[in-house]
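> could you look at this predicted model? Sequence included:
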Amino acid sequence: MTKHWTDWIDYWSVDFDFESKREIIRVQDADTGKWQEQWTGDYVFENEWQSFRTKKDRSLELTSVAHECEPGSCKLAVKVVDIFGNDTMTIVEVTI
């Protein structure tokens, strides 16, 4: 079934600027009953590039498209889903 580690990967995607969008939720104040927006401390993964297998095409691109980043430091996020449906994400800090 598998001959190479990439055979286990079904889908992967990249967010080239992971910390660009804060994850905001609405919570109700217990005392006033009013709803307030609150930052969770995390960020939203925005899929900017992806490669995935289909039933007809089992190939998978292993190199993302080129993406120009601003000079300085930024965080990239890579999300991977394996053939069993398990997903994981890693965040990499890059300095340009």
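Received it, and whenever you're ready, just let me know what you need.

> could I get the full set of strands for the protein?
Assigned by DSSP state E, the chain shows strands spanning 9-15, 22-28, 35-43, 49-52, 73-82, 87-95.

> would you turn those into a markdown table with distance to R58 and mean pLDDT?
Backbone N, C-alpha and C define where each C-beta goes, glycine included. Below are those laid out as a markdown table (distance: least, Cβ to Cβ, whole Å; pLDDT from 0 to 100):
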| stretch | distance to R58 | mean pLDDT |
| --- | --- | --- |
| strand 9-15 | 10 | 96 |
| strand 22-28 | 34 | 97 |
| strand 35-43 | 32 | 96 |
| strand 49-52 | 10 | 96 |
| strand 73-82 | 14 | 95 |
| strand 87-95 | 19 | 96 |
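
> which one of these lies closest to K3?
Nearest to K3 among the strands of the chain is strand 9-15; the distance by Cβ to Cβ comes to 13.2 Å.

> contacting residues around stretch 38-46?
15, 17-27, 77, 79, 89 (Cβ atoms under 8 Å, 6 or more residues apart in numbering).

> OK, contacts around W5?
Counted by Cβ under 8 Å, 6+ apart, W5 has zero contacts.

> next one, pLDDT for it please.
Looking at W5, its pLDDT reads 89.

> the chain should start at 235 in everything you say after this.
Let's use 235 as the start, then, which means that last one is W239.

> which strand residues bridge K309?
Beta-bridge partners recorded for K309 (DSSP bridges): E327.

> now do M323 against E282, distance only.
14 Å (Cβ to Cβ, to the nearest Å).

> do R256 as well
Distance, R256 to E282, using Cβ to Cβ: 17 Å.

> and for the residue nearest to R256 when sequence neighbours are not counted, the neighbour number?
Computed as Cβ to Cβ, 6 or more residues apart in numbering, the closest residue to R256 that is not its neighbour in sequence is W273, at 5.2 Å. When neighbours are defined as other Cβ atoms under 10 Å, W273 has 10 of them.
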